[in-house]
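# could you work out the structure for the sequence below:
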Amino acid sequence: MVEKAKKIWLDGKFVDWDDANVHILTHTLHYGLGIFEGIRCYECEDGRSAVFRLPEHVGRFFDSAHSMLMEIPYSREEVIQAILDTLRTNEQKAGYIRPLAFIGDGAMGLHPQDNPIRVSIITWPWGAYLGEEGLTKGIRAKVSSFTRHHVNIMMTKTKTCGNYANSILAKLEVTRDGYDEAIMLDTEGYVCEASGENIFIVRRGELRTPPLTSILAGITRDSVIKIARDLGFMVREERFSRDELYIADEAFFTGTAAEITPIREVDRRTIGEGRPGPLTKKLQDTFFQVVKGTQPKYKHWLTYL
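Got it, this is the predicted structure:
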């Protein structure tokens, strides 16, 4: 269950958590056209709090809205400030941040007409998305029977609410079979991404991750690529097949919620030695140093409260 905070920022003002309600005829509730972001704030080693790559997340929020023909009635700077104000108002040193833009009530039918674009910002404490044990020991994944979106079916570079029905189906399918997460293939059968994460494999000391074709341009994905290259590792953005995933030496997911979560098994096939590998652990350790503010080279990724 989500732990309640004091306030939610809704349409430019703070309201009590339990009072942040919408009408049953809210257009997005019926038709799924809305956009959101997932952002994290970390408590740093020096006791301060910092939001990780806040401008990039807000930039993607506005890019998603632009692609989906939604005009957000606030500037990027106003949304950034509202996020920081929400964390301060809720007295949260760390937590997950969910900006959401949605189409309000008014007209019904597929065309939203002049229904208002509404914006909310919700913050709450959230630990490891795929479990604390998953971070240390790795998780079990299964390739879903549901294919990921084609680029001419949905806007795959956006975090559109309706896109995630595809993810929910995949997640329900594999978790009911006892797995932790779903891996999804693209329309040509290559490994694409997970239900809510990007994916990397390690083979003979090289990192590989699917290119930005039909996948979301993950901000944690981008961070890991930069960190890995700075550490001297080769990173290739190229397609790979399911059997290449099976024989990988290491594999892991990346995402704001999942952070860097190792994969120890896929489709009942052990990945590597069945535990987080050395390259995965090195990247994971470095990533957490970065978000905790102990890597000066990456301080520009942090927006302090």
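
# how about the helices in the stretch 1-150 of the chain?
Along the stretch 1-150 of the chain, the stretches classed as helices by DSSP state H, counting those that start in this stretch are 27-31, 54-67, 76-89, 132-137.

# make CSV out of those helices and add distance to Thr187 and mean neighbour count.
Quick note: C-beta positions are derived from backbone N, CA and C, even for glycine. Output for those, formatted as CSV (distance: least, C-beta to C-beta, whole Å; neighbours: other C-beta atoms under 10 Å):
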stretch, distance to Thr187, mean neighbour count
helix 27-31, 24, 19
helix 54-67, 20, 19
helix 76-89, 33, 17
helix 132-137, 29, 15
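
# so which of the ones you listed is nearest Arg221?
Closest to Arg221 of these, according to C-beta to C-beta: helix 54-67, at 11.6 Å.

# okay, angle between that closest one and helix 76-89 too, please.
Counting by axes from the mean of the first three to the mean of the last three C-alpha atoms, to 10 degrees, helix 54-67 lies at 130 degrees to helix 76-89.

# figure out how far helix 54-67 is from the centre of its chain.
Between the centre of helix 54-67 and the centre of its chain there are 13 Å (C-alpha atoms, centre = their mean, to the nearest Å).

# now stretch 239-253
Using C-alpha atoms, centre = their mean, the offset of stretch 239-253 from its chain centre is 21 Å.

# tell me the mean pLDDT for it?
The pLDDT scores in stretch 239-253 average 97.

# please enumerate the helices of the stretch 201-305 of the chain.
Taking DSSP H, counting those that start in this stretch as the test, the helices found in the stretch 201-305 of the chain are 219-230, 242-246, 278-291.

# what residues of the second one count as buried?
Taking 16 or more other C-beta atoms under 10 Å as the basis for neighbour counts, the residues of helix 242-246 that come out buried are Leu245, Tyr246.

# identify the residues contacting Arg242.
With contact set as C-beta atoms under 8 Å, 6 or more residues apart in numbering, Arg242 has these partners: Val143, Leu185, Gly189, Val191, Asp267.

# again but with Arg53, I slipped
Arg53 makes contacts with Ile39, Ile219, Ser223, Trp301, as judged by C-beta under 8 Å, 6+ apart.

# got phi/psi on Glu71?
phi -100, psi 110 (degrees, to the nearest 10).

# looking at the contacts of Arg242, spot the one nearest His27.
Nearest to His27 among these, counting by C-beta to C-beta, is Leu185 at 32.1 Å.

# phi and psi next, for that closest one.
Torsion angles, degrees, to the nearest 10, at Leu185: phi -100, psi 150.

# isn't it right next to Thr147, touching?
Yes. Counting by C-beta atoms under 8 Å, Leu185 touches Thr147, with 6.0 Å between them.

# for the residue nearest to Ala248 when sequence neighbours are not counted, give the beta-bridge partners.
In space, and not counting its chain neighbours, Ala248 is closest to Ile201: 3.9 Å by C-beta to C-beta, 6 or more residues apart in numbering. Beta bridges link Ile201 to Arg208, Ala251 when assigned by DSSP bridges.
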